[in-house]
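# Requesting a structural model of the entry that follows:
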Amino acid sequence: MKNTKKIFLYITGISLTLGACTKDFQEINTTPGLPTSTSIPPMVNGVISTLFLKGQEQAAIHNEYYYPVTQLATISGSSGYLVQNGALDIWNDYYATLQNLNQIQDKINAYTGDKAEMDNIQSITYILRAYKTLRITDQFGDIPYSQAGLAYTYNTTNYRPKYDSQESIYKSLLEQLKWASQHLTTAATTPGGQPYQSLGASETLFANNIAMWQKFGNSLLLRYAMQIVEKDAATATPYLQYALSGIPLIGEGEDAGMWPGKLGGYVLNDSRFWSFTSHKFVRLSTTCWNMMADGTNTAQIFDPRAVLFFETNQAGQWAPLQPGSTASDNTNPYQDKRDADFANKDNCKFSPFNYYIVRDIYYQPELFMTAAEVHFLKAEAYARGLGVAKNMATAGTEYTAGITSAVNFWYFIAHNTNVTNDAWSTVAPASPTPAQMTAFLANPKVAFTGTDEQKLDKIYAQEWLSFFRQPWLAYNLSRRTGRTPRDGNPASYVNFNRLQYPEQESVNNTVNYKTQSDQMGGNSNTVKVWWMK
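The predicted structure is shown next:
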């Protein structure tokens, strides 16, 4: 448990520096035997440790809202989970992390040597800040940012921070991502001949592989520039041009995420399994199924991922549920009793997610950015002429590469997941043959044919499918383009445009909360975030 203790100490050391408003608070609350100060490397690792999704976030938001809203999946009943519980989970996690990021920045600013020596550490900090912050602003819209996470400075102005516009946050962080891209270096010494400061073994995301940090940061720049291109092409286009200029991006086999196995096997992703066992109603949607099969017979499946993503119902039938249907399936096919009796799906009527996907807590990663997403972003850029000259042939090449990458990724996962209670590799089907992939890519629903607009719709559809276990990104794509696949138009989900601010904001940050709420027309989930169409 050495690594577990290490991560615990990192986080504990950081938590002791959190906001204090009372004289001598830190002295009074010092715990003997635990650290009261820390250095940059363990603080960065403390931030990295927060990148795993939280349980309430997945159960109350992803499974209850994002899957049904995007129609990647649907639900067969009401779980009783409150979206506010998940929103509070995300909110509290972010602002604790932002405080740590601000303290890391303070230490970087206070460095007395040649500032160039800190370039790699500064760049990694910018990338982590961008990833955490853009993810939360995409979900809530305007948020407290420039004055937030600063209570430790004892400046009373920062105790109740003002809200920053999403537009200003995006512009600031896109520029920081570009700075990071231009300053990350694998060189040993600065131009002045001094060694670059390093995070060393404390950096657990990419094991201090600077080349991977470059690719991750550059790929995020591409993602988030594309995210705002509909709203602010003038800002987005130069970043798209830069991101598509040949700088290194995430490629095959470099999918970025928190891989439990790469963290020594001590950090387990058990929140995923809990979110499904506690929210038992998630089922295969007709929308998703129609993009993967031409009927409900196994022989009619053309997308090889279908048998990895989903299972047949208890009767052995492929049974998708139409979004908005009032049909109920009050069963739980995700219970761990299936470890001993896999065939026992609790008599479910509609097809659930593959138990092997939701059960594993030891191997499957918490994905941040995949090679498939990079291919689809490039395909869209070339299909629309965004940051590059329009070229439908290149768009088609990237589109095919994106689909192939997504298929290969999931078969890699299935063939390598062989751990306690989840020996998927012993039963997973063989990877599709070249002939099967050719037939898949030639299916009329997939083939890169038709008008330019029809081809663009196919890019969006396949990118949407590639986000099967990243429903927040499917939610972004759906809100940005309005062109992801839909089966009907369930009124109960069509206007879910953002998460509401947690209720605690109206109590703890009353004046700024009211100003923000009044300005946007109320703290409603129907209010659009800045970049939405």
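# just for the stretch 351-500 of the chain, where's the confidence low?
Counting by pLDDT under 70, the stretch 351-500 of the chain contains low-confidence ranges at 489-494.
# If we use 80, what do you get?
419-422, 488-494 (pLDDT under 80).
# which residues in it form strands?
Under the criterion DSSP state E, counting those that start in this stretch, the stretch 351-500 of the chain contains strands at 366-369.
# hey, where'd the helices end up in it?
355-359, 371-384, 392-416, 434-442, 452-466, 471-481 (DSSP state H, counting those that start in this stretch).
# just the angle between the longest one and helix 371-384, please?
With axes from the mean of the first three to the mean of the last three C-alpha atoms, to 10 degrees defining the directions, helix 392-416 sits at 170 degrees from helix 371-384.
# Report the buried residues of helix 392-416.
Using 16 or more other C-beta atoms under 10 Å as the test for burial, helix 392-416 gives 392, 394-411, 413-414. Any C-beta I mention is one placed from the backbone N, CA and C, and that applies to glycine too.
# if we can go back for a sec, so which of the helices of the stretch 351-500 of the chain is nearest Gly217?
Among the helices of the stretch 351-500 of the chain, the nearest to Gly217 by C-beta to C-beta is helix 371-384 (12.6 Å).
# got the angle between the closest one and helix 471-481?
In terms of direction (the same axes, to 10 degrees), helix 371-384 departs from helix 471-481 by 10 degrees.
# Do me a favour and average the pLDDT over the lengthiest helix in the chain.
Looking across the chain with DSSP state H, the single longest helix is helix 83-109. For helix 83-109, the mean per-residue pLDDT is 96.
# helices and strands around the following helix or strand past that helix, which ones?
With elements assigned by DSSP states H and E, the helix or strand that comes after helix 83-109 is helix 119-140. Helix 119-140 sits against helix 40-48, helix 83-109, helix 166-183, helix 210-227, helix 471-481, with contacts defined as 3 or more C-beta pairs under 8 Å, 6 or more residues apart in numbering; DSSP states H and E.
# Let me have those helices in TSV, adding distance to Tyr152 and mean neighbour count as columns.
Output for those, formatted as TSV (distance: least, C-beta to C-beta, whole Å; neighbours: other C-beta atoms under 10 Å):
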stretch	distance to Tyr152	mean neighbour count
helix 40-48	13	21
helix 83-109	6	19
helix 166-183	21	19
helix 210-227	27	23
helix 471-481	29	23
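# With distance to Asp255 as added columns, please give these in a markdown table.
Shown next, in a markdown table, are the helices and strands packed on helix 119-140 (distance: least, C-beta to C-beta, whole Å):
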| stretch | distance to Asp255 |
| --- | --- |
| helix 40-48 | 16 |
| helix 83-109 | 23 |
| helix 166-183 | 19 |
| helix 210-227 | 10 |
| helix 471-481 | 13 |
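# Show me the one of the ones you listed that comes nearest Arg305.
Arg305 lies closest to helix 471-481 among those, at 14.5 Å (C-beta to C-beta).
# how far away is Glu252 from Gly402?
Using C-beta to C-beta, to the nearest Å, we find Glu252 at a distance of 11 Å from Gly402.
# ugh, wrong one, Gln335
Distance of Gln335 to Gly402, given as C-beta to C-beta: 35 Å.
# Could you do Gly86 as well?
According to C-beta to C-beta, Gly86 stands 29 Å off from Gly402.
# can you pull out the strands in the stretch 201-350 of the chain?
With DSSP E, counting those that start in this stretch, the ranges of strands along the stretch 201-350 of the chain come out as 256-258, 282-284.
# Which of those strands has the highest mean neighbour count?
Ranked by mean neighbour count, the strands of the stretch 201-350 of the chain are led by strand 282-284 with a mean of 27 (mean count of other C-beta atoms under 10 Å).
# So which residues make contact with it?
Strand 282-284 has contacts (C-beta atoms under 8 Å, 6 or more residues apart in numbering) with 63, 67, 73-76, 276, 309-310, 318-321, 329, 348, 350-353.
# Partner strands of it, with direction?
According to DSSP bridges, strand 282-284 forms sheet pairs with strand 73-75 (antiparallel).
# Mean confidence (pLDDT) on the strand it pairs with, please.
Strand 73-75 shows a mean pLDDT of 95.
# Run through who's touching that strand.
Contacts for strand 73-75 (C-beta under 8 Å, 6+ apart): 63-64, 67-68, 279, 281-288, 321-325, 353.
# now these: which count as buried?
Buried among these by 16+ other C-beta under 10 Å: 63-64, 67-68, 279, 281-288, 321-325, 353.
# Now intersect those with the helices, please.
Judged by DSSP H, the subset of these located in helices is Tyr67, Pro68, Thr286, Thr287, Cys288.
# ok, the nearest residue to Glu230 once chain neighbours are set aside - how many residues close by?
Leaving out its chain neighbours, the residue that sits closest to Glu230 by C-beta to C-beta, 6 or more residues apart in numbering is Lys533, at 5.5 Å. Residues near Lys533, counting by other C-beta atoms under 10 Å, number 10.
# And Leu367, by the same measure?
With other C-beta under 10 Å as criterion, Leu367 counts 19.
# ditto for Ala299
Neighbours around Ala299, by other C-beta under 10 Å: 8.
# now do Asp518
Asp518 has 10 nearby residues by other C-beta under 10 Å.
# try the one 10 residues further on
Other residues within reach of Lys528 by the criterion other C-beta under 10 Å amount to 13.
# which residues touch it?
Gly141, Arg479, Asn497, Arg498.
# can you rerun that using 10 Å?
Gly141, Arg479, Asn495, Asn497, Arg498, Met520 (C-beta atoms under 10 Å, 6 or more residues apart in numbering).
# Report the beta-bridge partners for the closest residue to Thr74 other than its chain neighbours.
Using C-beta to C-beta, 6+ apart and skipping residues adjacent in sequence, the residue nearest Thr74 is Ser285, 4.1 Å away. Judged by DSSP bridges, the bridge partners of Ser285 are Leu321.
# My guess is Ser285 contacts Pro471. True?
No - the criterion here is C-beta atoms under 10 Å, and Ser285 misses it with Pro471 at 11.9 Å.
# which residues do these two both contact?
Joint contacts of Ser285 and Pro471 (C-beta under 10 Å, 6+ apart) are Tyr67, Pro68, Thr70, Leu72, Ala73.
# Closest one of those residues to Leu456?
Set against Leu456, the nearest of the shared contacts of Ser285 and Pro471 by C-beta to C-beta is Thr70 (18.0 Å).
# Name the nearest residue to the closest one, sequence neighbours excluded.
Distances taken as C-beta to C-beta, 6+ apart place Ala474 nearest to Thr70, at 4.2 Å, with adjacent residues excluded.
# Give the burial count for Thr186, as a bare number.
Using other C-beta under 10 Å, Thr186 has 11 neighbouring residues.
# do Asp336 as well
Using other C-beta under 10 Å, the number of residues around Asp336 comes to 11.
# Quick check: the gap between it and Thr526.
Asp336 is 38 Å from Thr526, where distance means C-beta to C-beta.
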